[in-house]
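> structure, please.
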Amino acid sequence: MAVHLFGIRHHGPGSARSLLASLRALKPDAVLVEGPPEGEQLLPLLVNEAMKPPVAILIYATDTPRVATFFPFAVFSPEWQAIQYASGHAIPTRFIDLPQSHDLALAEEKYKSEIAAAETSLQTTDPTGEETTSQPHATAVREDPLNWLARAAGFSEGESWWEHMVEHRLESRDIFAAITEAMGHLRQELPEQGSEEELLREARREAHMRQCIRAAEKEFKNIAVVCGAWHVPALRNDSSARDDAALLKGISKTKVKATCIPWTHARLQWKSGYRAGVDSPGWYHHLWTVKDKPVVRWMTKVARLLRKEDLDASSAHIIEAVRLAETLAAVRDRPLPSLTELNEASIAVLCLGNDLPMKLIHEKLIVGDQLGSVPPETPTVPLQQDVSNEQRRLRLKPETGSRSLDLDLRNDTDLSRSHLLHRLNLLGIAWGKQEKTQRAKGTFHELWNLAWEPEFEITLIERGAWGNTLMLAASAYAKHLADQAKELPALTNLIQAALLAQLPEAAAHTIGRLQDEGALSNDVVQLMATLPSLASVVRYGNVRKTEVSLVEQIVRGFVARVCIGLPIACISLDDDVARTMIQYVSEVNTALGMLQDEELAREWHDVLHKLASQNGLHGLLAGRCVHLLFKASSMSSIETAKRLSLALSVGVDPVYSAAWGEGFLEGSGTLLIHDETMLGIVDEWVSNLSPDHFTQQLAGLRRTFATFHGPERRQIGERIARGQARTTTELPAEAFDARRGDRVLPLLAQLLGLTYNRSDQEKSSE
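Numbers count the residues shown, from 1 in each chain. Presented below is the predicted three-dimensional model:
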């Protein structure tokens, strides 16, 4: 009997090539791979032609899907190549790592205890109506033991040393003996790293792998074991089966399920929280797939990427960059330029010393955005399958790279896409993030930014308990969130989300909850906070073919209650609360203006008039109310000028005057440019100030005008200089005496040299 241990880097093209060469020479009877035993049922899928790496084995706790773990594979992963080799030669394959039913049992206990101890902080409803849950914390990254060997060899860190010694090799069957010896010395000399819990877990993993090797020795004569290089010395030691069994005795277990999901190169990075990750999966993929001239072909990729971004990258640049990389490698006594030399050459030649393009090269090439795929027969929960079917039907392929999507809601396909994205958002799957626009393309358009993350599969599995289809699950989950929500803004956002997602049952249920909570709420601020979202639903609901009559009734009820309670709520406000109240008042004013309902507008303007005249009202609010009334043509220019003059007169407290002026003018730069009457009111008031009074008001005016943009201040000054500020002292039309005006007509006709017809005067007088 013979057991051959091959210590590899979990994602290394050189390790994979050397491993394949060793397996071809060895011709083993069985291949044991460091991997979760629960994943053995997925081996037929892993060798399926439709399985395109990068992919990952996902194992999750049946009762708590949020507690899960991943085992990723890239095409250049030695484990992946070992599995493919064994399948191609009909060799039995087994996974020998510690079963995840043990690891996830501990994680599940910890997760549940955290939920019980701090439920409000780990599971809350945010203003968008989505549920947020705690994610399992990534294990802290400890120092790579290879760093010690790297420093001894003159390298800065272990990654570059391993790449130079192992991954750049085309094939080397002898490398594994050297790796075994090096790891043996490291484990003898280095102190143990990690907590007691982590050290115990590693000891149990290695004990279980030794047990699996002993079991295989009873069936096979020539065994190949593929494992992380760090574990090789532990698997070669003489620990007894009794000691290993004692170490594994009494470990808790939980029920788990396993499936395969698409993975990405970005998630293969150790920076993503994956401890066995690598720095440059895109570069390693290049080394694996390119059989000759890897340096030249890499620089060609870099040049093509830069050209797509309209940056200069000619053939001459490529030639010079390759020569520079090879020269740097020769100076450093390396047989082949590593990624370090290639990056330095790229910056110097292709990027002209600018680091900014290197960020693009790192994201698109060095890391890469490749997304794998799994066969249709991969085990899934019904909800996952339904979402996948909807993605295919609507031609929305999950992609890792960020891309924009412009939806025209008048198009049935785009409307269905919008429903899909909104329903996923309700489930906490932010595949698409809606971008805020100024509606330049009208209310029928939605702009989205799409980026698929592999972790969304876990959320889909978890949300599968709410329904077998996306529509049912999103509707049931929205009702659940509505039942949990206690704040009115959260409920209004949920209503909007349910209507946007075309979930009428969830919307009706949430509207009922809003009515119940609103009837009990006496908080005017909360009522005001709900109105913008509700008004948006009423105004734009019909664009999406949704029924909004119930929402209209709620809006009317809330507006009436706000109008009754707002004057009382605005008594004795300090500066900070007054600023907050101004924001709510302005948002409600905008929302009601959007509805274009005369009755609601009249009620609202009545309460603004009452506030503007209320004794003791904070100056910020008083000035803002006058501003809003004038802007809505509910207060005449003469009345506005009068209130401005009174509020900023000499006898008024300077602090109140400054606040009033700020409330009246803040954010009015554009209005002063385009509204001659508004500009005339301010100009006339300033012009009539005495020198002392002007000096008193100057500080407040400067502070307010400083909030305007520079171009706005310049245009205001230019208009005043040209005399384009219209005066506000004209009398109203009803105060004009026509008979007295007629008396000047004969004299005016004489001055103009015209013939005056007395009958015209009599007719005018009548």
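> could you use CA atoms for every contact and neighbour count after this?
Fine.
> for the stretch 51-200 of the chain, give me the ranges with low pLDDT.
Along the stretch 51-200 of the chain, the model assigns pLDDT under 70 to residues 118-143, 170-171.
> apply 80 and report the result again.
Within the stretch 51-200 of the chain, the segments meeting pLDDT under 80 span 114-145, 153-160, 163-164, 167-173, 190-195.
> looking at the chain, which helix or strand is least sure?
Here the helix or strand of the chain ranked lowest by mean pLDDT, DSSP states H and E is strand 131-133, holding a mean of 37.
> which outside residues touch the helix or strand just after that one?
Once the chain leaves strand 131-133, the next helix or strand it forms, by DSSP states H and E, is helix 146-152. Applying Cα atoms under 8 Å, 6 or more residues apart in numbering, the external contacts of helix 146-152 come out as Ser156, Glu157, Gly158, Glu159, Ser160, Trp161, Trp162.
> how about 7 Å then?
Ser156, Glu157, Gly158, Trp161 (Cα atoms under 7 Å, 6 or more residues apart in numbering).
> before we move on, what about stretch 411-421?
By Cα under 7 Å, 6+ apart, stretch 411-421 touches Leu394, Leu407, Asp408, Leu409, Gly432, Leu500, Ala501, Gln502.
> compare those residues and tell me which is most surrounded.
Using other Cα atoms under 10 Å as the neighbour criterion, Ala501 leads the contacts of stretch 411-421 with 28 neighbours.
> what score does it have for pLDDT?
If you check Ala501, the pLDDT there is 89.
> thought Leu424 was touching it, still the case?
No: using Cα atoms under 7 Å, Ala501 and Leu424 do not qualify as a contacting pair, with a distance of 8.8 Å.
> got any ranges where the stretch 351-500 of the chain has weak pLDDT?
Along the stretch 351-500 of the chain, segments meeting pLDDT under 80 span 400-401, 436-444.
> what about the strands in the stretch 151-300 of the chain?
Assigned by DSSP state E, counting those that start in this stretch, the strands in the stretch 151-300 of the chain fall at 222-228, 256-262.
> for stretch 15-35, buried residues please.
15-20, 22-23, 28-35 (16 or more other Cα atoms under 10 Å).
> now the strands: where do they sit in the protein?
Counting by DSSP state E, the chain has strands at residues 2-8, 30-33, 55-61, 68-73, 93-95, 123-125, 131-133, 222-228, 256-262, 403-408, 432-434, 445-450.
> could you dump those to CSV with distance to Asn757?
Converted to CSV, the strands of the chain look like this (distance: least, Cα to Cα, whole Å):
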stretch, distance to Asn757
strand 2-8, 112
strand 30-33, 113
strand 55-61, 97
strand 68-73, 98
strand 93-95, 113
strand 123-125, 80
strand 131-133, 82
strand 222-228, 112
strand 256-262, 93
strand 403-408, 65
strand 432-434, 70
strand 445-450, 63
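> out of the ones you listed, nearest to Ser315?
Of all those, it is strand 403-408 that lies closest to Ser315, at 29.9 Å by Cα to Cα.
> the closest one versus strand 445-450: what angle between them?
Note on geometry: by axes from the mean of the first three to the mean of the last three Cα atoms, to 10 degrees, strand 403-408 and strand 445-450 are set 160 degrees apart in direction.
> parallel or antiparallel, which strands does strand 403-408 pair with?
Pairing partners of strand 403-408, with direction, according to DSSP bridges: strand 445-450 (antiparallel).
> for the strand it pairs with, C-alpha coordinates in PDB please.
The C-alpha trace of strand 445-450 is given here as PDB (Å, rounded to 0.1, in the frame of the first residue of the first chain):
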ATOM      1  CA  HIS A 445     -38.400  55.500 -17.200                       C
ATOM      2  CA  GLU A 446     -36.400  53.800 -14.500                       C
ATOM      3  CA  LEU A 447     -32.600  53.700 -14.400                       C
ATOM      4  CA  TRP A 448     -31.000  50.800 -12.600                       C
ATOM      5  CA  ASN A 449     -27.400  49.700 -11.900                       C
ATOM      6  CA  LEU A 450     -27.100  45.900 -11.900                       C
END
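> begin at 23 from here
All right, first residue 23 from here; so that's strand 467-472.
> list the buried residues in that strand.
Buried, per 16+ other Cα under 10 Å, within strand 467-472: His467, Glu468, Leu469, Trp470, Leu472.
> tell me which of these is nearest to Leu378?
The shortest gap between Leu378 and any of these belongs to Leu472, at 23.9 Å (Cα to Cα).
> surely the closest one and Trp453 touch.
Yes: shown here, Leu472 and Trp453 form a contact pair, counting by Cα under 7 Å, at 5.7 Å.
> got the buried residues for stretch 91-111?
Under 16+ other Cα under 10 Å, the buried positions of stretch 91-111 are 91-109.
> list the contacts of that stretch.
With contacts defined as Cα under 7 Å, 6+ apart, stretch 91-111 is touched by 32-35, 37-38, 41-42, 53, 55, 69, 75-82, 114-115, 248, 307, 310.
> list the contacts of Leu773.
With contacts defined as Cα under 7 Å, 6+ apart, Leu773 has no neighbours.
> the strands of the chain: which one's closest to Val560?
Among the strands of the chain, strand 467-472 comes nearest to Val560, with 16.9 Å by Cα to Cα.
> next, format the strands of the stretch 173-322 of the chain as TSV and append distance to Arg326, mean pLDDT and mean neighbour count.
Below are the strands of the stretch 173-322 of the chain laid out as TSV (distance: least, Cα to Cα, whole Å; pLDDT from 0 to 100; neighbours: other Cα atoms under 10 Å):
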stretch	distance to Arg326	mean pLDDT	mean neighbour count
strand 244-250	36	94	22
strand 278-284	27	92	22
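> want to throw those strands into JSON lines with distance to Arg329?
Compiled in JSON lines, the strands of the stretch 173-322 of the chain are given as follows (distance: least, Cα to Cα, whole Å):
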{"stretch": "strand 244-250", "distance to Arg329": "40"}
{"stretch": "strand 278-284", "distance to Arg329": "30"}
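> still on that earlier bit, tell me, what's touching Ala523 and Leu446 both at once?
In contact with both Ala523 and Leu446: no residue, using Cα under 7 Å, 6+ apart.
> ok, which of the strands of the chain comes nearest Gln407?
strand 278-284 (12.3 Å).
> got the contact list for that closest one?
60-61, 76-84, 123, 393-396, 400-401, 476.
> alpha carbons of stretch 124-141, as PDB, please.
C-alpha atoms of stretch 124-141 as PDB (Å, rounded to 0.1, in the frame of the first residue of the first chain):
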ATOM      1  CA  HIS A 124     -19.900  20.000  12.700                       C
ATOM      2  CA  ASP A 125     -18.600  23.500  11.800                       C
ATOM      3  CA  LEU A 126     -22.000  24.800  10.900                       C
ATOM      4  CA  ALA A 127     -23.500  23.400  14.100                       C
ATOM      5  CA  LEU A 128     -21.100  25.600  16.100                       C
ATOM      6  CA  ALA A 129     -21.800  28.600  13.800                       C
ATOM      7  CA  GLU A 130     -25.600  28.000  14.100                       C
ATOM      8  CA  GLU A 131     -25.400  28.000  17.900                       C
ATOM      9  CA  LYS A 132     -23.400  31.200  17.900                       C
ATOM     10  CA  TYR A 133     -25.700  32.900  15.400                       C
ATOM     11  CA  LYS A 134     -28.900  32.000  17.300                       C
ATOM     12  CA  SER A 135     -27.400  33.100  20.600                       C
ATOM     13  CA  GLU A 136     -26.500  36.500  19.000                       C
ATOM     14  CA  ILE A 137     -30.000  36.900  17.600                       C
ATOM     15  CA  ALA A 138     -31.500  36.100  21.000                       C
ATOM     16  CA  ALA A 139     -29.200  38.500  22.800                       C
ATOM     17  CA  ALA A 140     -29.500  41.500  20.500                       C
ATOM     18  CA  GLU A 141     -32.500  40.900  18.200                       C
END
